[in-house]
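[1] here is my input, please return the structure:
(chains A, B, C and D)
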2 protein chains.
Amino acid sequence: MATIKDVANLAGVAVSTASYALNNSPRVSQETKEKVLAAAKQLNYQPNGIARDLKLSKTNTIGLILSDLSGPFYSELIKGVQDITIANGYDLIAISSLGGKNSTAVKFLKEKRADGIIILAHNIDNNLIISAAREDMPIVLLDRPLKAKYVLNIQVDNEGGAYKAVEHLIALGHRKIAYLSGPNNSYDNLKRFAGYKKALEDSGIAFSNQWVYQGNFTKEGGYHAGKLMLLQNYIPEAIFAANDEMAIGVIEAFKEADILIGEDVALVGFDDIQLSEYVTPALTTVRQPMKEMGVIAAQQVFQALNGNFSTEAILLETKLIIRDSCGAKKVKL
Amino acid sequence: MATIKDVANLAGVAVSTASYALNNSPRVSQETKEKVLAAAKQLNYQPNGIARDLKLSKTNTIGLILSDLSGPFYSELIKGVQDITIANGYDLIAISSLGGKNSTAVKFLKEKRADGIIILAHNIDNNLIISAAREDMPIVLLDRPLKAKYVLNIQVDNEGGAYKAVEHLIALGHRKIAYLSGPNNSYDNLKRFAGYKKALEDSGIAFSNQWVYQGNFTKEGGYHAGKLMLLQNYIPEAIFAANDEMAIGVIEAFKEADILIGEDVALVGFDDIQLSEYVTPALTTVRQPMKEMGVIAAQQVFQALNGNFSTEAILLETKLIIRDSCGAKKVKL
DNA sequence: CTGCCTTATTGAAACGTTTCGAATTAATTT
DNA sequence: AAATTAATTCGAAACGTTTCAATAAGGCAG
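    As a prediction, this is how the structure comes out:
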């Protein structure tokens, strides 16, 4: 692979002039500029970006860390982030935090391989984030609050969203409302649980622990929780699932037992993933403004890179999307 | 940020010894090793990965270039690739080819920012791929054939898959079978179209150009094509859509006109995206072994990095997944 | 013709690592 | 005690850029 040195040699100039010429600096004459460009072309010269990054201590790249690159849930988020990074002339790369201690994500954080980082991955440690964030590598955290220097916070109003969902179920006349829970170490899950409890409380419904089922945010988890309800022969009047994937699992489990969701039991999810609209019955759910979140996250990164660190956490509103699984439409008829 | 030089100073040793110590080389005594490690800890030293990459001319990273990071279609592929890269101790980063000439993907290719590249993105130019591929950066191409040095080919048997799908429709008694087409510059689409035509031919059905509708591989495209059929008042007996997203668009269009898919008209898609199973009626489709493709692609990269360049293109088999939209299940009853 | 400003070019240092070969010291063998 | 070998440590070069400060060459006014 030809280096700038080869180009300089072929063009008969110093490497510094070659560099200036290639970067179109006004310091160099038109004549030599052409000479250098010709040489570069002849040698099929491609600058070594890594050397450049090292010299400039800048990568021109924003890293987006996700807990699992393959989740369908992130599409819109990525789109939002991408729009802004492209508009700012930066590169975006997506990184998985899969693999724990020596995941690519951890390496990226430690070794400052990007100029800014956006994280939506519960399995990245707070301490790592704190020690990795620097003035020239601000970090935007999307799934939990963390007050630290060079760390920015954006959250969805999980508690409010859950409140809306459960309030809706209560308005439909349900009292025995089960909570299908995500992992307990998930901040999102905790907040949604809080919203659920608050809604019950505000309506004077006593909360009971036996209404809580663990589903781990996965479809399988939801399926098993549904099966468990059936086995225990305890079917609640309504179920609030802390995310859509689990809700879809429940639908499958109940379908196998010929229990009609939206009639025999009401169901509401959270997230509004693409599937939710297509599943039968269509899932009533709480929509998160994922694209907006991506846009704002990226904007925050660039603002921070320009020295404006907004200190206060941003809270994004959710929206209840009423479809068929909660039975509301039938009630109205 | 502390550098290795600072560490060496604090530990009172030369930079080279510090380096050896940090890399746990046997050349350095236990005693100094501890001294250096202590100094590193005290300074919160983090090695600069970019400098390391430059020195070693190696990034320990595999790049996966996708035309659109946010497509739901890639989940399984990514999973497969990820499994193998992690197993080999490499990092994986996903890159979008969005943005044309100065997309991140192009930069990655030109500047050799990864040790190997996997591409599933029709908007990356053949010439770019040819000039970017090198012994120390092999490229695996997933969506089209390209014979070039250091370029490896893996394809899905698009033609065979399409053939199976159309053959199935013919076996169900249909003769007037429409083709819902993807973009004409897509190799995948061309192959699927070829399979469609061959199946017709082999059954002695004359092909007609008016059976071809353009849907551009998008749901909207499929929707409009469906609407167009309705407007023209020409409903075929069966439709073979060159991908699932278009098929789902058709379902929506026909649903609005109260035409029953699976009864009034048979429909088969291609890809078996996650949605296909959940849509109503569930979509009969041709499944691509996406995860397997990812696994094999990654394996090929590592083999190439070890000097074994398999020259022959790999062709992966597809599988017809029969669900409700083709009406086959009803026929059997 | 000297001195001074422009303009164009250059050499060298720097970014933060790794690693070769040499140098120093300690240990072992003869 | 001298010579060889082994164990440590070190200095310097290298990876491929960018950019500062210095130099060289013209051009022009005095």
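[2] hey, where'd the helices end up in chain A?
    Using DSSP state H, the helices of chain A run over A:4-11, A:15-22, A:30-43, A:49-56, A:75-87, A:104-110, A:126-132, A:158-171, A:187-202, A:219-231, A:244-256, A:290-305, A:328-332.
[3] contact partners of the first one?
    What that stands for is helix A:4-11. Here helix A:4-11 makes contact (CB atoms under 8 Å, 6 or more residues apart in numbering or on different chains) with A:14-15, A:17-19, A:21-22, A:32, A:35-36, A:38-40, A:42-43, A:45, A:47. From N, CA and C alone the C-beta is placed, and that goes for glycine too.
[4] so, in contact with DNA strand D or not, that helix?
    Yes. Helix A:4-11 lies within reach of DNA strand D by CB under 7 Å from any atom of the strand, at A:4, A:5.
[5] how many neighbours does residue A:30 have?
    For residue A:30, the count of nearby residues is 8 (other CB atoms under 10 Å in any protein chain shown).
[6] the one 3 residues further on too?
    Around residue A:33 there are 18 other residues, counting by other CB under 10 Å.
[7] doesn't residue A:24 make contact with it?
    Yes. Using CB atoms under 8 Å, residue A:33 is in contact with residue A:24, at 7.5 Å.
[8] before we move on, back to that, right, so of the helices of chain A, which gets closest to residue A:93?
    helix A:104-110 (8.7 Å; CB to CB).
[9] the closest one and chain B in contact?
    Yes. Applying CB under 8 Å from any CB of the partner chain, one finds helix A:104-110 touching chain B at A:104, A:107, A:110.
[10] check contacts around the residue of the stretch 101-250 of chain A found nearest DNA strand C.
    Using CB to the nearest atom of the strand, residue A:111 is the residue of the stretch 101-250 of chain A that sits closest to DNA strand C, at 8.6 Å. Applying CB under 8 Å, 6+ apart, we find residue A:111 in contact with B:46, B:47, B:48, B:49, B:50.
[11] who wins for most neighbours among the residues you listed?
    When neighbours are counted by other CB under 10 Å, residue B:50 leads those with 23 neighbours.
[12] just checking, it touches residue A:50?
    Yes. Checked against CB under 8 Å, the pair residue B:50 and residue A:50 is within contact range at 6.0 Å.
[13] spit out the contact partners of the most centrally placed residue in chain A.
    The centroid of chain A falls nearest to residue A:120 when counting by CA atoms, centre = their mean (4.2 Å). Residue A:120 makes contacts with A:64, A:65, A:66, A:67, A:74, A:77, A:142, A:143, as judged by CB under 8 Å, 6+ apart.
[14] so which of those comes closest to DNA strand C?
    Lowest distance from DNA strand C to those (CB to the nearest atom of the strand) belongs to residue A:65, with 21.7 Å.
[15] can you report how many residues neighbour the closest one?
    The tally of other residues near residue A:65 (other CB under 10 Å) stands at 27.
[16] how close does it get to residue A:91?
    As defined by CB to CB, to the nearest Å, residue A:65 lies at a distance of 15 Å from residue A:91.
[17] report pLDDT for residue A:186.
    With respect to pLDDT, residue A:186 scores 89.
[18] and the residue lying closest to it once chain neighbours are set aside, what does it touch?
    Of all residues not flanking residue A:186 in the chain, residue A:122 sits nearest, at 5.5 Å (CB to CB, 6 or more residues apart in numbering or on different chains). Counting by CB under 8 Å, 6+ apart, residue A:122 touches A:67, A:143, A:144, A:183, A:185, A:186, A:187, A:188.
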